[in-house]
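Peer 1: just to be clear, the model below is a prediction. Sequence and coordinates:
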Amino acid sequence: MESTRLRGLDGRTIAWLQDSAAALRLRNLTEAVRTARAAAAVAPDHPEVLRRLALALCAVGPSSEAVALMQRASVQAADDPVLANALGLVLRANARNAEAMAALRRAHALAPQSADIACNLAQLLDAQGSGDEAVAVLEQATAIAPEHRTARTALAELLLRRRARIADAIAQLRHLLRVDPGDAWAWSALAEIEQTHFDAADIAALEQLYASAGAEFETRVRAGFALARAYEQSDDPARAVETYQQVNAAMHRRVRWDAVEFSRAVDAALGACGGQLAEGAENDRGAGAGIVFIVGLPRSGTTLIEQILASHPLVRDGGERLDLRDVITEENARRHLDFAVWAGRAGAADWQRLGEDYLRRVAVARGDRPLFTDKLPGNWLWLGAALQMLPGARVVDCRRDRLETAWSCYRRLFSGGGQDFSYDFDALAQFIRDYERSMQHWQRLWPARIRTQHHEALAADFEGQVRELLAFCGLPFDPACLAFHDNDREVRTISASQVREPMRRDTARAARYDALIHPLRTALGMPPFSASA
């Protein structure tokens, strides 16, 4: 197929394209672009040359030149699925998503047997909120090409977010592991599913993968977290804790979290948002009315609270959004100042402008529902800005027992970074203290606009707490919120499988480990188990 695509090119030009492709695989983007341009200088109108150069340019970043190149190439061969696919990728890289969707749909229609094209289409469908169609595309792709690992992995990821498809997700992951027992991502994904059962054969396979001398760092760490979870299931807490300590220590060395520097950043944010910001901020009808920020430490129940609220017919769930952070980051750049410097100088007009910016960003996702949830747990650091920007907004502060929260964080490998504090007991404890003092600060400023929702209270009196939560958000009671586990909305966090189950009264785990995790209790300033019994 490649030889056909290269027809009409001389040997030197083909060599440049091959060098460009090799450089692209190695992420040597400067060389990839340079050699593709050399080929384009010789054959400026050849569709394959244009395609290779466009893809190299977009690997560097958004490129209007790449779009123009692909449009020229596509005109020459309108029925070429490879060119249509590349056009879609280039358009998406330039945030022209509607055009990208049209191009990728055309590519898929021209080559329905191509699992690679199906994966690209499914990825964009998912990003645009059409997850069910993305699943259908990938199911068709895996039926045609059952051993295409990328398609099967993408399908498993999508199925994991759906209540009715958890068993299918497990089946996909098990298929991946039958073909390749060294697939650390599949083991890691299985370990996060509450319904997964690890047997003796699984433990043996994980032990072998974890001990493999030649395993890459990510493979070994993923295998280690999954193995520790398997030891937990087999009632072997000592080996579980030992393995958790090993992989967390490896991660801590890799990420190099600076707890002292982070605490300084928290101090600066708190100092920038003093008591003067609270003036006139209590207004249910002000800008941002109906916006509910859900914040908390990781593993504190933020996903559960959003799932409960999202089950109400008047609520549109926003998930973990970056809009608040992006508004502040862009204002930092505009002013050429850090947030901690300019926030204390900002006036009412500044906060109004920033609030309007936030509301524009979420308008499409919010739709016409009266209430909209923004559930990025880390937004707690910016609440001083959020509540001044949006006088009508509310906050749900999710709390869970400190030890349970810390131990649950320590037992997880968080994907995509962002929780680098979680791999060390002392760093975890300091982060929790930073969170708690920050929320105490915001509570003093805006007591009527922040609800502290304790997980243990929710477990003890579920209906009563749900009624109070809905009333705080300005919502009438709806029994659907009590059956939150029946809501088949997509959940993209590691708590996805947990919120598919009814509310459980006993979710405590830490006591099972007793003295094995005494150092964590010490870091949190808690007495030993025997002293607190």
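Peer 2: The structure has been received and is ready for your questions. Numbering: from 1, shown residues only.
Peer 1: touching, Phe425 and Arg521? I think so.
Peer 2: No: in this structure Phe425 lies outside contact range of Arg521 using CB atoms under 8 Å: 9.1 Å. C-beta: built from backbone N, CA, C; applies to glycine.
Peer 1: measure stretch 53-67 end to end?
Peer 2: 11 Å (CA to CA, to the nearest Å).
Peer 1: so for that stretch, mean pLDDT?
Peer 2: Along stretch 53-67, the predicted confidence averages to a pLDDT of 95.
Peer 1: then stretch 173-185?
Peer 2: pLDDT averaged over stretch 173-185 equals 93, rounded to a whole number.
Peer 1: buried ones in that stretch?
Peer 2: Within stretch 173-185, the residues that qualify as buried are Leu173, His175, Leu176, Leu177, Pro181, Asp183, Ala184, Trp185, counting by 16 or more other CB atoms under 10 Å.
Peer 1: can you check stretch 30-37 too?
Peer 2: For stretch 30-37, a neighbour-count test (16+ other CB under 10 Å) marks Glu31, Ala32, Val33, Thr35, Ala36 as buried.
Peer 1: what mean pLDDT does that stretch have?
Peer 2: Confidence for stretch 30-37, expressed as mean pLDDT, is 96.
Peer 1: how far does that stretch sit from the chain's center?
Peer 2: With CA atoms, centre = their mean, to the nearest Å as the basis, stretch 30-37 stands 33 Å off its chain's centre.
Peer 1: the closest residue to Arg152 other than its chain neighbours: helix or strand, and which one exactly?
Peer 2: The spatially closest residue to Arg152, leaving aside those adjacent along the chain, is Thr142, at 5.3 Å (CB to CB, 6 or more residues apart in numbering). Using DSSP states H and E, Thr142 sits in helix 131-144.
Peer 1: beyond that helix, next helix or strand please.
Peer 2: Scanning forward in sequence from helix 131-144 by DSSP H and E, the next helix or strand is helix 149-160.
Peer 1: and that following helix, what does it pack against?
Peer 2: In terms of contacts (3 or more CB pairs under 8 Å, 6 or more residues apart in numbering; DSSP states H and E), helix 149-160 is packed against helix 115-127, helix 131-144, helix 166-179, helix 184-191.
Peer 1: okay, these in TSV with distance to Ala471 next?
Peer 2: Shown next, in TSV, are the helices and strands packed on helix 149-160 (distance: least, CB to CB, whole Å):
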stretch	distance to Ala471
helix 115-127	35
helix 131-144	32
helix 166-179	32
helix 184-191	38
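Peer 1: Ala134 - how many residues pack around it?
Peer 2: Under the neighbour criterion other CB atoms under 10 Å, Ala134 is assigned a count of 24.
Peer 1: touching, it and Glu157? I think so.
Peer 2: No: using CB under 8 Å, Ala134 makes no contact with Glu157, being 10.0 Å away.
Peer 1: which one is Asn94 nearest to, not counting chain neighbours?
Peer 2: If the residues on either side of it in the chain are set aside, Asn94 comes closest to Pro62, at 4.8 Å by CB to CB, 6+ apart.
Peer 1: number of nearby residues for the one you found?
Peer 2: Under the neighbour criterion other CB under 10 Å, Pro62 is assigned a count of 14.
Peer 1: residue contacts, the nearest residue to Val266 once chain neighbours are set aside?
Peer 2: On the basis of CB to CB, 6+ apart, the spatially nearest residue to Val266 that is not a chain neighbour turns out to be Asp434, at 4.7 Å. Residues counted as contacts of Asp434 (CB atoms under 8 Å, 6 or more residues apart in numbering) are Phe262, Ser263, Val266.
Peer 1: from Cys409, how far out is the second one?
Peer 2: Using CB to CB, to the nearest Å, we find Ser263 at a distance of 17 Å from Cys409.
Peer 1: who has more neighbours, these two?
Peer 2: Counting neighbours by other CB under 10 Å for Ser263 and for Cys409 shows that Cys409 has the greater number, 21 against 15.
Peer 1: that one contacts Met251, correct?
Peer 2: No: under the criterion of CB under 8 Å, Cys409 makes no contact with Met251, lying 11.8 Å away.
Peer 1: surely Ala429 and Ala406 touch.
Peer 2: Yes: counting by CB under 8 Å, Ala429 sits close enough to Ala406 to count as a contact (6.8 Å).
Peer 1: count the residues that sit near the closest residue to Leu209 other than its chain neighbours.
Peer 2: The shortest distance from Leu209 to any residue that is not its chain neighbour, by CB to CB, 6+ apart, is 4.3 Å, and that residue is Ala223. Using other CB under 10 Å, Ala223 has 27 neighbouring residues.
Peer 1: the strands in this protein, which residues?
Peer 2: Counting by DSSP state E, the segments of the chain that form strands are 291-296, 315-317, 371-374, 394-399, 450-454.
Peer 1: how about those strands in a markdown table, adding mean neighbour count?
Peer 2: Listed next are the strands of the chain as a markdown table, based on neighbours: other CB atoms under 10 Å:
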| stretch | mean neighbour count |
| --- | --- |
| strand 291-296 | 26 |
| strand 315-317 | 21 |
| strand 371-374 | 24 |
| strand 394-399 | 23 |
| strand 450-454 | 18 |
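Peer 1: same list (the ones you listed) but as TSV, adding mean pLDDT and distance to Ala84.
Peer 2: Putting the strands of the chain into TSV (pLDDT from 0 to 100; distance: least, CB to CB, whole Å) gives the following:
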stretch	mean pLDDT	distance to Ala84
strand 291-296	97	40
strand 315-317	95	34
strand 371-374	97	36
strand 394-399	97	45
strand 450-454	97	49
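Peer 1: mind putting the ones you listed into CSV with distance to Leu124?
Peer 2: Below are those laid out as CSV (distance: least, CB to CB, whole Å):
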stretch, distance to Leu124
strand 291-296, 28
strand 315-317, 21
strand 371-374, 24
strand 394-399, 32
strand 450-454, 36
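Peer 1: between those, which one is nearest to Thr150?
Peer 2: Across those, Thr150 has its closest neighbour in strand 315-317 (28.9 Å, CB to CB).
Peer 1: quick one: list the elements packing against the closest one.
Peer 2: Packed against strand 315-317, as judged by 3+ CB pairs under 8 Å, 6+ apart, are the following elements: helix 302-310, strand 371-374.
Peer 1: ok, that strand: who's next to it in the sheet?
Peer 2: strand 371-374 (parallel) (DSSP bridges).
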